[in-house]
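Chemist: What follows is a predicted structure for the sequence shown.
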Amino acid sequence: MKDACTLYMETTAGANCRVILTCHDSSPDREFPPWNVCYLNGRQFFNDPRIGDFSITFTKAGGVDGDTKDGLHSPILQLADVSNWDPIDVQHYADQGNNNNGGGNLCVGGSGPAGTQRLGWQCGVPVAGKKGFGLDSNTVNNDGGFQSGWCGFHVKQYQKPDPSKDHYKFDVVIKDAKGENIGQLLNADATNPISVDSRLPLPLIVTAGNVDSDAVLFNYGDQAFGSNDQAHHCDFGAYDNGARDGDCGFTC
């Protein structure tokens, strides 16, 4: 497809970030220069005339599958020409494809060959100003940029390193009624209630408790609920390796 390109991103042993762009025309592959922010939550910006401005952020480190016990992973891809830098959760789409769960193989990848400590992902992206290959350039679900109905969010709560002085930190990813990522906030310090903006008209407010056993409280407009609220389909697991994951839903 002449209006499509493939973006490959890779890390080795928790560093050595690489990005290679392959477009389905007569132009040669391009490997971009070495990153200057190849570390956790470092957002690296790139430009290529075929797909425009884009960025990649590795949002997690350590704890990956296989023989790679420590490394950067869970990349977030953003393109200026796709819904104005809308975050694309690469690992989410790769997992959908790997599980044959309707992901459409927009992105594939994860652990590299055994013994290499390499992780790699590949995503289809459209040529700037065009449509196709998984992502439609400058399209949204409706005029508000989201599908209304029953939205959801995923939360990772990180325990306090020193409970006497430190605060909880959170990753929050908000998805609309179609399951599309419409906003996120990573590594947010919960010194005060956290306000998570998205394409929704109102922010999601996240308030941490004082100790690990306390529920996390959430507010969206006039909806108020906690991480143990069954009416909002909340499902939070136990802490494991310093963090716990949970999901809730709400009317949007």
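Modeler: That came through fine. Residues are numbered from 1 along each chain as shown.

Chemist: can you count the residues close to the closest residue to residue 12 other than its chain neighbours?
Modeler: The shortest distance from residue 12 to any non-neighbouring residue, by C-beta to C-beta, 6 or more residues apart in numbering, is to residue 118 (4.7 Å). Using the backbone N, CA and C atoms, a C-beta is placed for each residue, glycine as well. Number of residues near residue 118 (other C-beta atoms under 10 Å) recorded here: 17.

Chemist: Pretty sure residue 190 sits against residue 209.
Modeler: No. Contact criterion C-beta atoms under 8 Å: residue 190 and residue 209 do not qualify, at 9.4 Å.

Chemist: between the two, who's got more neighbours?
Modeler: residue 190 (18 against 15).

Chemist: Just the endpoints, please. Distance across stretch 7-20?
Modeler: 6 Å (C-alpha to C-alpha, to the nearest Å).

Chemist: which residues touch it?
Modeler: Here stretch 7-20 makes contact (C-beta atoms under 8 Å, 6 or more residues apart in numbering) with 21-22, 29-32, 34-35, 38-39, 44, 46, 51, 54, 56, 58, 61-62, 68, 70-73, 75, 77, 90, 112, 116-125.

Chemist: Drop anything exposed from those residues.
Modeler: 21, 32, 35, 38, 44, 46, 51, 54, 56, 58, 61, 68, 71-73, 75, 77, 90, 112, 117-125 (16 or more other C-beta atoms under 10 Å).

Chemist: which SSE is residue 53 in?
Modeler: Secondary structure assignment for residue 53, by DSSP states H and E: strand 52-61.

Chemist: any idea how far residue 202 is from the nearest residue to residue 151 once chain neighbours are set aside?
Modeler: Nearest residue to residue 151, sequence neighbours excluded (C-beta to C-beta, 6+ apart): residue 252, at 3.6 Å. Distance, residue 252 to residue 202, by C-beta to C-beta, to the nearest Å: 9 Å.

Chemist: now residue 88
Modeler: Distance from residue 88 to residue 202, by C-beta to C-beta: 23 Å.

Chemist: For these two, indicate the residue with more neighbours.
Modeler: The residue with more neighbours, out of residue 88 and residue 202, is residue 88; 24 against 14, by other C-beta under 10 Å.

Chemist: can you give me phi and psi for that one?
Modeler: Here the main-chain torsion angles of residue 88 (degrees, to the nearest 10) amount to phi -120, psi 110.

Chemist: so who does it touch?
Modeler: Counted by C-beta under 8 Å, 6+ apart, residue 88 has contacts 76-79, 82, 107, 123, 135, 181.

Chemist: Secondary structure for those residues - can I get that in TSV?
Modeler: Shown next, in TSV, are those (DSSP: H, G, I helix; E, B strand; the rest coil):
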residue	secondary structure
76	strand
77	strand
78	strand
79	strand
82	coil
107	strand
123	strand
135	strand
181	strand
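
Chemist: Among these, which one is most surrounded by other residues?
Modeler: Busiest of the contacts of residue 88 [other C-beta under 10 Å] is residue 107, holding 28 neighbours.

Chemist: distance between the ends of stretch 231-240?
Modeler: End to end - C-alpha to C-alpha - stretch 231-240 spans 25 Å.
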